[in-house]
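Colleague: Take this sequence and fold it.
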Amino acid sequence: MGCEWQCLSTGTLVGMGLMVTLCGIGVGPGDPELITLKGWRRLQQARVIAFPAGLGGRRGIAEEVIAGYKEPWQTCLPLEFPYVLEQAVLEQAWQKAAEQVYAYLVQGTDVVFVSEGDVSFYSTFSYLAAAVQALAPHVQIEAIPGVCSPLAAAASLGVPLTLGSDRLAILPAMYHVEELAQVWAWAEVMVLMKVRSVYGQAWQWLQEHRLLEQAAVVSWATTPKQQIYTPLTDFPTLTLPYFSLLMVWKRKLHLRNV
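Modeller: Coordinates of the predicted model:
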């Protein structure tokens, strides 16, 4: 049965009444206890668990989060996603990952993909799901949300991310420092994701606008490696890991956890 079953198309599976699902689960920024009950339950049911492969043979964040939850009978499927900005390279990686996932879906086996943070917040899952549906339009996509890093970082600092009518701006990694003034003209709270490559320029901008005492950097939020830097007057230079963000508020900060 194995060979004949593997050769069936997803359309044939649908015709036989066999719907298959790719389920994305946001497992949070690093603390295993931050996975939702729904995400944990769905994870426990999964026969195949896919996740972004770590670098240099090490576990990635998502794999580390679920390490204590996996069962011996579950199949683990690490998927390679390069840390680059070249669109052609990324699209090739998404396509390859989609084909690896599809190899299980076409057998009638649901696949769970776990992602750090939330699956709809700058997540690789969005691109993987699109690539899978391009291969097999009838595959169902399910998304289970998780805690994203700005929420986790604010909790680690012990401050509310927003209050009242605060307007929140979140800038992804591909921003230019010149944009900060435009955003700051209307936002009360600003989050700079993956700030490592522009930290020096961002620090200068904060200094010019007298905002260093109202800003903080959080790296590896909620993990054992978490580092908090504030006030930023003390840190004109920092060597930061990839998973670092900078947060700045127009209101004065009253930090509880620092």
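
Colleague: what sits against Arg59?
Modeller: For Arg59, the contacting residues are Ala67, by CB atoms under 8 Å, 6 or more residues apart in numbering. Just so you know, the C-beta spots here come from the backbone N, C-alpha and C atoms, and that holds for glycine as well.

Colleague: Three-state assignment for it, please.
Modeller: Using DSSP: H, G, I helix; E, B strand; the rest coil, the three-state assignment for Arg59 comes out as coil.

Colleague: Val147 now?
Modeller: Here Val147 is recorded as coil under three-state DSSP.

Colleague: How much space separates it from Ala131?
Modeller: Per CB to CB, to the nearest Å, Val147 is found 25 Å from Ala131.

Colleague: of these two, who's got more company?
Modeller: Between Val147 and Ala131, counted using other CB atoms under 10 Å, Val147 has the larger neighbour count: 23 against 19.

Colleague: which ones are touching the more buried one?
Modeller: Neighbour list for Val147: Gly26, Gly28, Pro29, Leu34, Gly117, Asp118 [criterion: CB under 8 Å, 6+ apart].

Colleague: gap between the third one and Trp94?
Modeller: This means Pro29. With CB to CB as the criterion, Pro29 and Trp94 are 23 Å apart.

Colleague: what's the helix ranked longest in the chain packed up against?
Modeller: Determined from DSSP state H, the single longest helix within the chain is helix 87-105. In this structure, helix 87-105 packs against strand 48-52, strand 75-79, strand 111-115, helix 124-135, with contacts taken as 3 or more CB pairs under 8 Å, 6 or more residues apart in numbering; DSSP states H and E.

Colleague: mind redoing it with 6 Å?
Modeller: Applying 3 or more CB pairs under 6 Å, 6 or more residues apart in numbering; DSSP states H and E, one finds that helix 87-105 contacts helix 124-135.

Colleague: Put the alpha carbons of the helix it packs on into PDB.
Modeller: The C-alpha coordinates for helix 124-135 follow below in PDB (Å, rounded to 0.1, in the frame of the first residue of the first chain):
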ATOM      1  CA  THR A 124       8.400  31.800   8.500                       C
ATOM      2  CA  PHE A 125       5.200  29.800   8.800                       C
ATOM      3  CA  SER A 126       3.400  32.300   6.600                       C
ATOM      4  CA  TYR A 127       5.700  31.700   3.700                       C
ATOM      5  CA  LEU A 128       5.800  27.900   4.300                       C
ATOM      6  CA  ALA A 129       2.000  27.700   4.300                       C
ATOM      7  CA  ALA A 130       1.800  29.700   1.100                       C
ATOM      8  CA  ALA A 131       4.400  27.500  -0.600                       C
ATOM      9  CA  VAL A 132       2.500  24.300   0.500                       C
ATOM     10  CA  GLN A 133      -0.800  25.700  -0.800                       C
ATOM     11  CA  ALA A 134       0.800  26.500  -4.100                       C
ATOM     12  CA  LEU A 135       1.800  22.800  -4.300                       C
END
